[in-house]
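Peer 1: attaching a predicted model along with its sequence, questions to come.
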Amino acid sequence: MATPAPDRPDEPRLLDRFGRVATDLRVSLTDRCNLRCTYCMPAEGLDWMPRGEMLSDGELARLIRIAVELLGVTNVRFTGGEPTLRKGIESIIAGTAALVPRPRISMTTNAIGLARSAGRLVGAGLDRINVSLDTLRQERFLALTRRDRLDDVLDGLAAARDAGLTPVKVNAVLVRGRNDDEAVALLRYCLEQGYELRFIEQMPLDAQHGWDRADMVTAEEILTALRAEFDLVPSPVPRGAAPAERWQVDGGPGEVGVIASVTRPFCGDCDRTRLTADGQLRSCLFSQTETDLRAPLRAGAGDEEIAGLWRTAMWGKLAGHTINEAGFAQPLRPMSAIGG
Ligand code: SAM
Ligand code: SF4
């Protein structure tokens, strides 16, 4: 058995010292990607995880089962890197969908290849999807992602909607001087297509450590640009633990969200726990420490022992990130290797 934290109440779920309970598991299926978004990774890519260090499909399935059956996780989101590059993704989703109680299953993806695979992913049990799309202009897409794949992404989005992965959510990061004049065009497009757009403030999680606060396009700037064209009123839907603040556009039903991770942190309501593709547990995107679940898993630990390690790790979750404090240090792992 893992040694429980001395002051932790006897609670099976993933409780922390601040009263938060993590019910939303983010699982990174790979650190690899077929794009090279400039705010995420360098043109040459990264030193990808060696295969042997990655969890096998069976190991991943076991950890997800422990999270759902023993730890009260109700939502599982697959991410990466680019999760659709993982060969076993359909069977991993199907295994997750067979758990009792069945968790809600979602995925964050760049949508490349989704035009072909959306139907199969839905068949396996995928419920919802978030697609990253930062620009509608071909030459800008090439400059921002270093790949000429805009049409594939737009086709993937449409396929996701047609396959029933609704509401399809679109994530957009605005980068100053690159696409920061596209907030209105992106929102118009998403409203027309029936997608729910959310802007995400750029965070200091890029592999190059090139984030610069002065360069970040803030939530306030985005809202100012949108308000010049649209009437925005706060959404009547309660926010709960969702990271996005939402606004109804021009009387609804269309909405837009802004995830102001830097300028308006929402750590107090966080309900996340994160598992990397190499079996490391993180209680926060910005954690400086990780808990290794792969070694005990491979050494023959039982389900309860793994669950105990997970509970102890989450009990130690910090109150929030410290991006806005002096002495903030970016985590060693970039976003693409944590799972966004
Ligand atoms: N490859 C998939 C994708 O792009 O959707 C999933 C992984 S990606 C790391 C998840 C999300 O993180 C994407 O919406 C992406 O735009 C966002 N992201 C990546 N780097 C970021 C950064 N430095 N700040 C804010 N968001 C970032
Ligand atoms: Fe790949 Fe997503 Fe990072 Fe872009 S944001 S490079 S699509 S992992």
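Peer 2: Everything's here; your move. In this text, all values refer to a predicted model and were calculated from it rather than measured experimentally. Ligands and ions are numbered 1, 2, ... in the order given.
Peer 1: only C-alpha atoms for contact and neighbour calcs from this point on.
Peer 2: OK.
Peer 1: pretty sure T109 sits against R86.
Peer 2: No. Counting by CA atoms under 8 Å, R86 is not a contact partner of T109; they are 11.7 Å apart.
Peer 1: which of the two has more neighbours?
Peer 2: Taking other CA atoms under 10 Å, T109 and R86 do not tie; T109 has more neighbours (27 against 17).
Peer 1: how near is that one to ligand 2?
Peer 2: T109 sits 7 Å away from ligand 2, going by CA to the nearest ligand atom, to the nearest Å.
Peer 1: who touches that residue in this structure?
Peer 2: Going by CA atoms under 8 Å, 6 or more residues apart in numbering, T109 touches T79, G80, E82, P83, T84, I129, N130, V131, S132.
Peer 1: what does the stretch 201-340 of the chain put close to ligand 2?
Peer 2: S336 (CA under 6 Å from any ligand atom).
Peer 1: could I get the full set of helices for the stretch 201-340 of the chain?
Peer 2: 219-227, 294-298, 303-315, 335-338 (DSSP state H, counting those that start in this stretch).
Peer 1: run through the stretch 1-150 of the chain and note the low-pLDDT ranges.
Peer 2: Along the stretch 1-150 of the chain, the parts satisfying pLDDT under 70 run over 1-4.
Peer 1: which residues of it lie near ligand 2?
Peer 2: C33, L35, R36, C37, C40, M41, G80, G81, E82, N110.
Peer 1: and the helices of the stretch 201-340 of the chain, which one's lowest on average pLDDT?
Peer 2: The minimum mean pLDDT among the helices of the stretch 201-340 of the chain belongs to helix 335-338 (a mean of 91).
Peer 1: output that one as CSV, restricted to C-alpha atoms.
Peer 2: As requested, C-alpha coordinates have been extracted for helix 335-338 and formatted as CSV (Å, rounded to 0.1, in the frame of the first residue of the first chain):
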residue,chain,number,x,y,z
MET,A,335,2.6,21.4,-23.2
SER,A,336,2.9,18.9,-26.0
ALA,A,337,4.5,16.3,-23.6
ILE,A,338,2.0,17.0,-20.7
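Peer 1: any part of it near ligand 1?
Peer 2: Yes. Judged by CA under 6 Å from any ligand atom, helix 335-338 comes into contact with ligand 1 at M335, S336.
Peer 1: who touches that helix?
Peer 2: 28, 30-32, 40-41, 80-81, 205-207, 274-277, 285.
Peer 1: for ligand 1, tell me which of those residues show up nearby.
Peer 2: Among the contacts of helix 335-338, ligand 1 is touched by C40, G80, G81, L205, D206 when using CA under 6 Å from any ligand atom.
Peer 1: I'd like these as a markdown table, with distance to M335 and neighbour count appended.
Peer 2: Listed next are those as a markdown table, based on distance: CA to CA, whole Å; neighbours: other CA atoms under 10 Å:
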| residue | distance to M335 | neighbour count |
| --- | --- | --- |
| C40 | 7 | 24 |
| G80 | 8 | 27 |
| G81 | 8 | 28 |
| L205 | 5 | 24 |
| D206 | 6 | 22 |
